[in-house]
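# Need coordinates for the following:
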Amino acid sequence: MKTPFCEACLKSGLLCTSCKSKIDSGEVRQELLDISKLILEESGETKGLKDVKINNVIGNENLLLIICGQGDSAKLVGKGGSIVKKISEVVGKRVRIVEESDDPRTFVQNLVFPAPVLNLNTVYTSNGEKYKVVIPANSRLPLSLKDFTSIAKSVLKKDVEVGFEGERRRETTEDKINRLVKKIKS
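This next block holds a predicted model:
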């Protein structure tokens, strides 16, 4: 298994100076260490996990996103979803596994799969660059718009705006609540 941490640190639970400095400096998050330990434990039972590359873990109150190497997502999901279910039980959140990509469009497509990405454009504003992602209006996103935009911004290092094309998108409960909160505040 490939992670930013050495295997000895993952097995022992004690961090060497190098691994500790990665966490202390904020280069990597504690969640990545915790998930790496869990996957290392599972690799004893599931041989395919020994070759998996874990690049990053991003979490919020609803979701834990594991960003893995190219071709590693199926191994992390496990047979019948067994590994991802175990991770979800341990962290108490939904878990989504997405493969890394240097191409922003490919990463966004992996993140919103099975919804298709119609366009991903770079928009230049007075505040800098941002990405505008366009998906079909009636697509079912695997995560909320709030989760999508915060995760995409964290990974892509730019603001991300979502637009819908085609038939008018039905307003979700979350959208209704956000609209009413804005109305009350103004």
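
# Check which residues of the helix or strand where residue 152 lies are buried.
Secondary structure assigned from DSSP states H and E places residue 152 in helix 145-156. Buried positions in helix 145-156, judged by neighbour count with 16 or more other C-beta atoms under 10 Å: 147, 148, 149, 150, 151, 152, 155, 156. All C-beta atoms are positioned from the backbone trio N, CA, C, and that covers glycine.

# ok, now stretch 50-61?
By neighbour count on 16+ other C-beta under 10 Å, the buried set for stretch 50-61 is 52, 53, 54, 55, 56, 57, 58, 59.

# What mean pLDDT does it get?
For stretch 50-61, the mean per-residue pLDDT is 85.

# tell me what the helix holding residue 152 is packed against?
Judged by 3 or more C-beta pairs under 8 Å, 6 or more residues apart in numbering; DSSP states H and E, the packing partners of helix 145-156 are strand 54-59, strand 63-68, helix 104-112, strand 128-136, strand 159-165, helix 173-185.

# how does this protein divide into domains?
Domain segmentation of the chain under automatic domain parsing yields 1-100, 101-186.

# any low-confidence regions in this structure?
In the predicted model of the chain, residues 167-171 satisfy pLDDT under 70.

# Chain neighbours aside, what residue packs nearest to the residue nearest the centre of it?
Central residue of the chain (C-alpha atoms, centre = their mean): residue 65, 3.0 Å from the mean position. The spatial neighbour of residue 65 that comes closest, neighbours along the chain excluded (C-beta to C-beta, 6 or more residues apart in numbering), is residue 58 at 4.6 Å.
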